[in-house]
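**Q** Quick one, fold the following:
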Amino acid sequence: MAASASQVIAEAGSPVHYLRNAPARPTVFPVTPEFTNWRSEQRAWRESVALLDQSHHMTDLFISGPDALRLLSDVGVNSFADFPVNAAKQFIAVNHEGYLIGDAILFHLEEGRYDLVGWHMVIDWLQFHGERGDYDVTFERDGSSLVRAGDPVLYRFEIQGPHALALMEKLTGGPVPHTKFFGMADFTIAGVRVRSLRHGMAGQPGFELFGPWADGARVRAAIVEAGEQFGLVLVGSRAYSSANLESAWVPSPLPAVFTGEEAAEYLEWLPASRLGSLAGSFASDDIEDYYLTPYDLGYGRSVAFDHDFIGRAALERIAAGPLRQKVTLVWDADDVAAAQRTLLEEGVPAKYIEFPKARYGQYQVDRVLAGSQDVGVSHDCGYIVGEQVFASLASVDADAAAPGTEVVVLWGEEPNSRKPAVEPHRQVPIRAIVQPAPYSRFARENYRAN
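**A** Okay, the predicted model is just below:
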């Protein structure tokens, strides 16, 4: 029998000690890393049109039954007052104390049937409550290709870039009907029905296409053939993993599941294999110091106090402030280069900075300082080809959130943990300038405006 999360945490002595030294590898996308090179592939969603295969790295939880909507409403902070079939939304959940569990995309597929898609953290939380609560619901779980035996239930392809709309018109043989952001529509491509989510990445036009796995190869071949006219670029996992830096989405905040009401029961239910790993220079023995709120990641506008949900009362108190703000930190080019140069110098080098994404644990948490004061934490970090900057997404105090504010990111762990992705290294300070999130003006005005 597989170990539970509570078992391995007890053996390690604490959640922090387990996560700091977890044997889990950093995030793995089980698709081709590069078709050409990640620099050209990153440029594609800004300059032409990109095709990304999302069929393998996410979890799908299909939720059916007369109580499906009630369960979603009880667990999610979102409003469900108006959520018709053929709509989607970013589903967000918190624990009983108001701290963030995570987020995923929720599709309303048909009456009484939904698909929650994304990282497993919030999916686990929802499934736990559905199984343990008084709900007449049925779950069908399709894990990522790293854990699944056999093919996915659905294929899922992303078409992104300034030529995405023209490509879709060629594929469907006519004008694409106007669909609002996160709205869904049906098309016929290569003779089969294809469902589409109106989406965007880095502010560019986009469509997420999905359907039964058996149709996937046929649909993909049609996309590739039609896309040749528009300079279609196949995008691998290395470039795709960095796309969130442009749209300012933090993909894997540490879920607040280790303390508080229901934590003990939940950790008994949760398999240890889904705990993940914790990385970065922010160090505390108290796991609650790593918790975030929805407001820290810019999700405040999705919080709706129009219904009762887990954590509502606590979240209302948190909403009264003070609140941190999500920002982009643009790292100083000389400091990044100096950190990399230590690899070619005598002595213990700085922690290796991977390009295009430098996360070395599932949950990346680095200290952000203004002078000698801690003012927040830095999350995902990596290189944005279109801006020619190395940047990270961060949650900082309001006093440090103004664009142009100078801060320092402390890079590397002290002491070094035993995670497989951690080599002997020393911490180094890297100067950074606070900028808006998203950093790209095009993304701010076109993606977040929706």
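
**Q** Phi, psi for residue 403 please.
**A** phi -50, psi 140 (degrees, to the nearest 10).

**Q** Likewise for residue 352?
**A** The phi/psi pair for residue 352 (degrees, to the nearest 10) is phi -60, psi 130.

**Q** got a list of what it touches?
**A** Listed by C-beta atoms under 8 Å, 6 or more residues apart in numbering, the contact set of residue 352 reads 340, 343, 423, 425. C-beta here means a position set from N, CA and C on the backbone, and glycine is covered the same way.

**Q** Residue 406 now?
**A** 370, 431-434 are the contacts of residue 406 under C-beta under 8 Å, 6+ apart.

**Q** go again using 10 Å as the cut-off
**A** By C-beta atoms under 10 Å, 6 or more residues apart in numbering, the residues touching residue 406 are 332, 370-371, 400, 431-434.

**Q** cool, residue 275 as well?
**A** Going by C-beta under 10 Å, 6+ apart, residue 275 touches 3-5, 8-9, 15, 18-19, 22, 24, 121, 255, 257-258, 267, 362-363.

**Q** Which PyMOL command selects the buried ones in those residues?
**A** Command for PyMOL that selects the buried part of the contacts of residue 275, burial taken from 16 or more other C-beta atoms under 10 Å:
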select buried, resi 4+5+8+9+15+18+19+22+24+121+255+257+258+267+362+363
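
**Q** Which secondary structure state does the residue of the chain positioned farthest from its centre sit in?
**A** In the chain, counting by C-alpha atoms, centre = their mean, residue 346 sits farthest out from the average C-alpha position, at 37.3 Å. Secondary structure for residue 346, judged by DSSP: H, G, I helix; E, B strand; the rest coil, is coil.

**Q** quick one: it from residue 190, how far?
**A** For residue 346, the distance to residue 190 equals 59 Å [C-beta to C-beta, to the nearest Å].

**Q** secondary structure class for the closest residue in space to residue 139 that isn't next to it in sequence?
**A** When the adjacent residues along the chain are set aside, residue 139 lies closest to residue 127, with 5.7 Å between them (C-beta to C-beta, 6 or more residues apart in numbering). Secondary structure assignment for residue 127 (three-state DSSP): helix.

**Q** is it true that residue 127 touches residue 143?
**A** No. Look at residue 127 against residue 143 with C-beta atoms under 10 Å: they stay out of range, at 11.6 Å.

**Q** Look at these two and report which has more neighbours.
**A** residue 127 (22 against 16; other C-beta atoms under 10 Å).

**Q** CA atoms only for stretch 235-244, dumped as PDB, please.
**A** Extracted in PDB, the C-alpha atoms of stretch 235-244 (Å, rounded to 0.1, in the frame of the first residue of the first chain):
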ATOM      1  CA  VAL A 235       6.600  24.300 -29.100                       C
ATOM      2  CA  GLY A 236       8.200  21.900 -26.600                       C
ATOM      3  CA  SER A 237       8.000  21.600 -22.900                       C
ATOM      4  CA  ARG A 238      11.000  23.900 -22.200                       C
ATOM      5  CA  ALA A 239       9.500  26.900 -23.900                       C
ATOM      6  CA  TYR A 240       5.900  26.100 -22.700                       C
ATOM      7  CA  SER A 241       7.000  25.900 -19.100                       C
ATOM      8  CA  SER A 242       8.100  29.500 -19.200                       C
ATOM      9  CA  ALA A 243       5.000  30.900 -20.800                       C
ATOM     10  CA  ASN A 244       3.400  31.700 -17.400                       C
END
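
**Q** any idea where the strands of the stretch 301-450 of the chain begin and end?
**A** 325-331, 363-364, 366-370, 373-384, 389-396, 406-411, 428-435 (DSSP state E, counting those that start in this stretch).

**Q** Which one of those strands lies nearest to residue 224?
**A** Nearest to residue 224, of all the strands of the stretch 301-450 of the chain, is strand 373-384, at 26.3 Å by C-beta to C-beta.

**Q** Mind giving me the packing neighbours of the closest one?
**A** Under the contact definition 3 or more C-beta pairs under 10 Å, 6 or more residues apart in numbering; DSSP states H and E, strand 373-384 sits against helix 38-47, helix 244-247, strand 325-331, strand 363-364, strand 366-370, strand 389-396, strand 406-411, strand 428-435.

**Q** Throw the ones you listed into TSV and include mean pLDDT, thanks.
**A** Putting the helices and strands packed on strand 373-384 into TSV (pLDDT from 0 to 100) gives the following:
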stretch	mean pLDDT
helix 38-47	96
helix 244-247	92
strand 325-331	98
strand 363-364	96
strand 366-370	98
strand 389-396	98
strand 406-411	98
strand 428-435	98
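
**Q** Now tabulate these in TSV and tack on distance to residue 69.
**A** What follows is the helices and strands packed on strand 373-384, written out as TSV (distance: least, C-beta to C-beta, whole Å):
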stretch	distance to residue 69
helix 38-47	34
helix 244-247	28
strand 325-331	29
strand 363-364	31
strand 366-370	39
strand 389-396	31
strand 406-411	42
strand 428-435	39
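
**Q** So which of the ones you listed is nearest residue 176?
**A** Closest among those, using C-beta to C-beta: helix 38-47, at 18.1 Å.

**Q** Against which helices or strands is the very next helix or strand once past that closest one packed?
**A** Per DSSP states H and E, the first helix or strand lying C-terminal to helix 38-47 is strand 49-53. In terms of contacts (3+ C-beta pairs under 10 Å, 6+ apart), strand 49-53 is packed against helix 38-47, strand 154-160, helix 164-172, strand 204-212, helix 213-227, strand 232-235, helix 237-240.
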